[in-house]
Structure formats: structure tokens, C-alpha cells
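Undergrad: This is the structure alone, sequence omitted:
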DNA sequence: GATAGCGGATAGCGCCACTATCTAATTGGC
DNA sequence: GCCAATTAGATAGTGGCGCTATCCGCTATC
């Protein structure tokens, strides 16, 4: 298959494919001549994965590059792929040392130890959690920590489902890819489900029957 | 308070504050002279909210504008604020009509009806869910729907916790804001918790003790 | 009255994900 | 063999976004 057909099959413009190759997201085609190359189904699959991580997962090109590098490196364990994929979501960069951050850090440390989670407080996910909790605190929603355990229960349940799904894969390469896809797309899936559940709960409370205080939707 | 102090208190540069006012995110200060204005704690609170939705929530300025408009409009119900906030996350724009999309749509419709959720298939959250499931299908992970119910259980649990937290607010304005903050930051919190749970599960499987097949982490 | 700060307006910057254009070479239908 | 279509590779440009820099005339404060 040449680049034109790869483009036609995936709907990705040819210049964009070239751009992905330049950025190291997609391996170059195998050269049959100094200026001719062929691509196979692996390229097509990888290209679809890239577009999905971009469009659905919302990852940036540089983050996708890291995730794919973790997938491709045979030396890296599933553990590392989890880590690299998780870091694809990382938003925490530099942290303040104010009162809210310190308190949030303590809450996270307590939660991790109480749950017996094998994760360090230095983990990027823990840093993100601290950051979010500190932000909530600063906005006057420090009481949000009261629902943290309900959140953690749900998170554990989702993580169990994820692990079970990954474990279902037969080939090891598929497992590695399933970790990345499951982590990123699972996020999108859960987010949508949560919003659907919100809509439902909100509809049941204030919806069609007897909204209190003129809260009736206009449309 | 003048703009300089507002900037000092929040750490947001003065030109950025002016930019937010231009974009309609922040109401202008009250003019005391043709070119002097004062700001109060409401501005400070709003500014912190904007920065949090940006930095932690990852929302775009235009999306924040919509969420804030929903918060400010007294005509809008909590229901609508939920909707507007949920749409802040919306990623779905145009959908294909291919086989995967149709199948995903059917799966979503089945799930909604099976759960008795009061949400239409036209809901943006449902569209996002369909999009994610279709993408999974295209990547050869159509079997992911097998864990959808575990995800939905967790989503319901989180939504219950969210509603309970919102219900805890005393003043109605606080409830409205709590919806927005809880939806956006709750997302970040859950995402971090899920990644922490992944790290834990992965550590227990392949971590310190006996990783199978040379999977041992190098560092 | 000097200095610092202000509101308001306009223009520019840096990043990012592409996209356009060019050259020289190759393919494939006739 | 011929020639339009396509290709690899390289370089430059585009559009959107979240700011950021600069300027002007005015105001607060010491």
C-alpha cells in the first residue's frame, strides 16, 4: 500500500501522515526506491490509534509520542506503559507550597495509605490529585474531601474492570496496547457515563415533575 | 480593590485580567472615574474559578464563558447548569454513519434504557460515549463494551456522590457553582484516582515481587 | 508636581497541529 | 516509449488560542 491508499483508508490527509512520520508518531514506510515507500496494515492501525488518541483522548502530539514509545519499547513493562500512559494526562507541573497544597498533600497521603495503594506521593497522578484538591480548597470547597472515598471506591472498581479487560488479551503486544487504549479511551467513556448519570439524576430531581422554585426548563 | 491588588492576590498578571474582562469571563470593575475602577471579593473569587477551570479542568476560554453564563443566569435551572457544564467537556462534533458508529449508538441506547436513565440519545454526553465506543470498536476493542456495566455502576456511584455534595450547599447560588466546580474538578479528581488505582493494581501484578517474563522495571 | 498606577485599545508573540508548495524521482495506463 | 498522476522529502506558511507588550491620556498618592 502506498501513502495515498493509506490516506484514503483512514481519512487522514497525506501531508498530515507525513507530519506524523516527521514527529516520530508513525514509522516511515519501507523504501522500495529512493522516493517510493510502501505501508502495511500496521501503519494503518497505528495511524488510527494516533487519530483516536488525538480526537477522542485529547492527548497532545508530544504525549502521544511518549505513549507510543512506551508501547513499542519491548524492554518496558506493562507497569511502565501504565505509567507513561498515565503521564499522558498529567497536568501538574510546578506546585505551590501554600497551606491548601500542604493540606491536600496530607489528604492524598492518608488516602493512599488507608487504601493500601502501592503508589508514592511523588507519583504524577498523586500530584494531580493534590492539585485538584488544593484548587477545590481554594475555591471554598474543601468539604469535597468528604466524598473522596466514594470516588476512590468507584475508581478502584473501574481499575479492576480495566485490569480484567487487559488481562483478557491473548498476545502480549495486545495487552500493552490495551493498557494505553483502555486508559485513554476509558477516561472518555467514563467521563461521558458520568455526565449521563448527572443528566439522569438532575432530571429526576428537577426535571419533568415538579421542579422547585420556577426551575422548570424552558425548552 | 484596584486591578493591581487583584492581580497580586490571585497571581494573575494584570494584562491577563484585562483579557478575561474583554472575553466576558470576568465582569468589569465598577468605574469610579472615567478611567478608574474597583474590584471586590466577587471578582477575586470569579478569577480564581476561571484559573482553576483553565489549569485543572483543562477547559477552553470559550467553554468557560458558557459555563459561567449558565452559572450567572438566574433563569437557568440546576438542570441547565449541569447541561452547560457537561457540554464544556463535549468533544463530539460531527459523526460518521459507518457500521461502528451505528453499533455504538445502539449499545448506548440499550444501556440508557436498561439503566432507566432519563437521558436522550441526542444528549451530547451520549454522543461522546458513542464516539468513544465506536473508536474502540475501530481499534479492534469492541469487546470493551463488556466492561461498560462496571463503568456505569461506578459512574452512578460518582454521580450520587456529586449530587449529595451539591445538595449539601445551603445557598442556591452556591449549589449552582458547586455543580460546575464539582463536575469539572470532580473529573480531574476521578481521573487522578483512577490512575493511582492503575498504578497500584499494576504494582501488585508486575511490581516488586516476581514480574513474569523479564518485565522487571529497570529503575 | 512628580511618580506610579490605571482603563482602554491595538498589535504582536509563542505554541501547536497541521497545510501548502516545491523538486526530483517513480509509477502505471495507454 | 510517453506522460499524467503520484511519491519522498524538505521548507515555509496558516489559523486558532491564550496570553503579552505597548501606547495613550488620565488619575491617585506622596
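TA: Ah, there it is. Keep in mind that what you see is a predicted model, and the values were worked out from it rather than measured.
Undergrad: List of residues touching stretch A:192-203?
TA: Residues from elsewhere that reach stretch A:192-203 (Cβ atoms under 8 Å, 6 or more residues apart in numbering or on different chains): B:78-79, B:82-83, B:86, B:89, B:112, B:115, B:117-119, B:123-126, B:128-129, B:132, B:151-152, B:155-156, B:158-160, B:162-163, B:183, B:186-187, B:190. To be clear about C-beta, it is placed using only N, CA and C from the backbone, and glycine gets the same treatment.
Undergrad: rerun that using 7 Å as the cut-off
TA: B:78-79, B:82, B:86, B:89, B:117-119, B:123, B:125-126, B:128-129, B:132, B:151-152, B:155-156, B:158-159, B:162-163, B:183 (Cβ atoms under 7 Å, 6 or more residues apart in numbering or on different chains).
Undergrad: Enumerate the positions of it that are buried.
TA: A:192-203 (16 or more other Cβ atoms under 10 Å in any protein chain shown).
Undergrad: What mean pLDDT does that stretch get?
TA: What stretch A:192-203 shows for mean pLDDT is 91.
Undergrad: give me phi/psi at residue A:33?
TA: Backbone torsions for residue A:33, taken as degrees, to the nearest 10, come to phi -150, psi 170.
Undergrad: where does chain A come near DNA strand D, residue by residue?
TA: In this structure, chain A approaches DNA strand D at residues A:2-5, A:14-15, A:18, A:21-22, A:28-29, A:31, A:35-37, judged by Cβ under 7 Å from any atom of the strand.
Undergrad: Return the subset of those lying in helices.
TA: Under the assignment DSSP state H, the residues of chain A next to DNA strand D contribute A:3-5, A:14-15, A:18, A:21-22 to helices.
Undergrad: Return the member of those nearest to DNA strand C.
TA: Comparing these against DNA strand C with Cβ to the nearest atom of the strand places residue A:15 closest, at 4.3 Å.
Undergrad: contacting residues around that closest one?
TA: Contacts were defined as Cβ under 7 Å, 6+ apart; by that measure residue A:15 touches no other residue.
Undergrad: now residue A:2
TA: Taking Cβ under 7 Å, 6+ apart as the contact definition, residue A:2 lies against A:38-39.
Undergrad: Return the distance of the lengthiest helix in chain A from the chain's centre.
TA: Scanning chain A for the helix with the most residues, using DSSP H, yields helix A:172-206. Using Cα atoms, centre = their mean, to the nearest Å, the distance from the centre of helix A:172-206 to the centre of the chain it belongs to is 10 Å.
Undergrad: If I take it and helix B:172-206, what angle do their directions form?
TA: Helix A:172-206 runs at 160 degrees relative to helix B:172-206, counting by axes from the mean of the first three to the mean of the last three Cα atoms, to 10 degrees.
Undergrad: any idea how far the spatially most central residue of chain A is from chain B?
TA: Central residue check for chain A by Cα atoms, centre = their mean: the C-alpha nearest the mean position is that of residue A:184, 3.1 Å away. Spatial separation of residue A:184 from chain B under the definition Cβ to the nearest Cβ, to the nearest Å is 10 Å.
Undergrad: do the lowest-mean-pLDDT helix or strand in chain A and chain B meet?
TA: Among the secondary structure pieces of chain A, namely its helices and strands, helix A:78-88 has the lowest mean (mean pLDDT, DSSP states H and E), a mean of 73. Yes. Figure legend: helix A:78-88 in contact with chain B (Cβ under 7 Å from any Cβ of the partner chain); contacting residues A:78-80, A:82, A:86.
Undergrad: need the contact list for the residue lying closest to residue A:40 once chain neighbours are set aside.
TA: Nearest-residue entry for residue A:40: residue A:1, 6.5 Å, with adjacent residues in sequence omitted and distances by Cβ to Cβ, 6 or more residues apart in numbering or on different chains. By Cβ under 7 Å, 6+ apart, the residues touching residue A:1 are A:38-40.
Undergrad: and residue A:1, how far is that from DNA strand C?
TA: Relative to DNA strand C, residue A:1 is positioned 10 Å away (criterion: Cβ to the nearest atom of the strand, to the nearest Å).
Undergrad: that older thread, in PyMOL, select just the buried ones from the contacts of residue A:1.
TA: Under the burial definition 16+ other Cβ under 10 Å, those of those that qualify are selected in PyMOL by:
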select buried, chain A and resi 39
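Undergrad: Appreciated, that's everything.
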